[in-house]
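# For reference, the sequence and a predicted model appear below.
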Amino acid sequence: MKQVQGRVAVVTGGASGIGRALSLELARAGAHIAIADIDEASMAATAGEVRALGVQASTHRIDVSKREDIERLRDEVLAAHGTVHILINNAGITLYGSIENTTPQAIDRQLGINLMGVIYGVQTFLPVLREQDEAHIVNMSSMAAISGIPMQSIYCASKAAVRAFSESLSAEMCGTQVGVTWVMPGAVRTSLLDKAGDSNKAVTDKLSSLLKKYAYKPERLAKHVLANIKSKGGELRLTMECEVFYTMNRTAPGLLRASMRGAQRLANRFE
């Protein structure tokens, strides 16, 4: 997209973490923001920060795993802003635990939010985006799409599916005015693990503490995403560990798999 100022952006999971950083970065660039989330208090706080930057903000309480909620979001955003130019499918959850101990409900919930929320978002908003002179879709994938991470099997599956879906979508949008970006960060400094629910709280708490202390800042990620929206789109790999995963998967996949087994042995020591 050549122009972001004055455009309307929808950000799912926009109340906190990466979503909040993206909402604020787009607002600083002059975009009006529709924040979609289930956390009404955090939405209200982020919307206040957005409005303080001199642009419009609306809040929408939805569950992205429900198609009817996404359709309601579209209708509410059109009523509030009149149109949509940018769709950011950012909402996501994870769960730390082995696949044998993961309940069917937990599997459905992760796939519903991480994958179906993206698909529903694209299907619902694409007709609106196609009406614009230029538009962009951003789907949040992950380093976890590159190689399986132990105790994160469903999360990895969902993010790998988002990556493949986005690649296909990008090809389908060839020759149109709709750009597509899929973001593949490594560890980002958010409260994702705190909100996950887990089958091993001791390990989750330890990982969350490390994440908040050492991981990539979401504000930095947001700047790269905005630059990608304004340029060519495509796959956006962020953080050193993501590039290491990507390179190892291409050049030494056996070594990468061995490192994941080593990570599992290390995690076992926390238990």
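Looks like it came in fine.

# In the stretch 101-250 of the chain, where is pLDDT below threshold?
The model of the stretch 101-250 of the chain has pLDDT under 70 over residues 191-214.

# quick one: the helices in it?
Along the stretch 101-250 of the chain, the stretches classed as helices by DSSP state H, counting those that start in this stretch are 104-111, 117-130, 153-172, 201-214, 218-229, 240-251.

# I'd like those helices laid out as JSON lines, including distance to S42 and mean neighbour count.
For glycine as for every other residue, the C-beta is placed from the backbone atoms N, C-alpha and C. Shown next, in JSON lines, are these (distance: least, Cβ to Cβ, whole Å; neighbours: other Cβ atoms under 10 Å):
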{"stretch": "helix 104-111", "distance to S42": "20", "mean neighbour count": "15"}
{"stretch": "helix 117-130", "distance to S42": "18", "mean neighbour count": "20"}
{"stretch": "helix 153-172", "distance to S42": "22", "mean neighbour count": "19"}
{"stretch": "helix 201-214", "distance to S42": "17", "mean neighbour count": "14"}
{"stretch": "helix 218-229", "distance to S42": "14", "mean neighbour count": "19"}
{"stretch": "helix 240-251", "distance to S42": "27", "mean neighbour count": "15"}
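
# Of the ones you listed, give the one that comes closest to H136.
With Cβ to Cβ, the closest approach to H136 among the helices of the stretch 101-250 of the chain belongs to helix 218-229: 4.9 Å.

# packing partners for the closest one?
When contacts are defined as 3 or more Cβ pairs under 8 Å, 6 or more residues apart in numbering; DSSP states H and E, helix 218-229 packs onto helix 17-28, strand 135-140, strand 178-185, strand 234-238.

# Specify the angle between the longest one and helix 218-229 in degrees.
Spelled out, that is helix 17-28. Relative orientation of helix 17-28 versus helix 218-229 (axes from the mean of the first three to the mean of the last three Cα atoms, to 10 degrees): 60 degrees.
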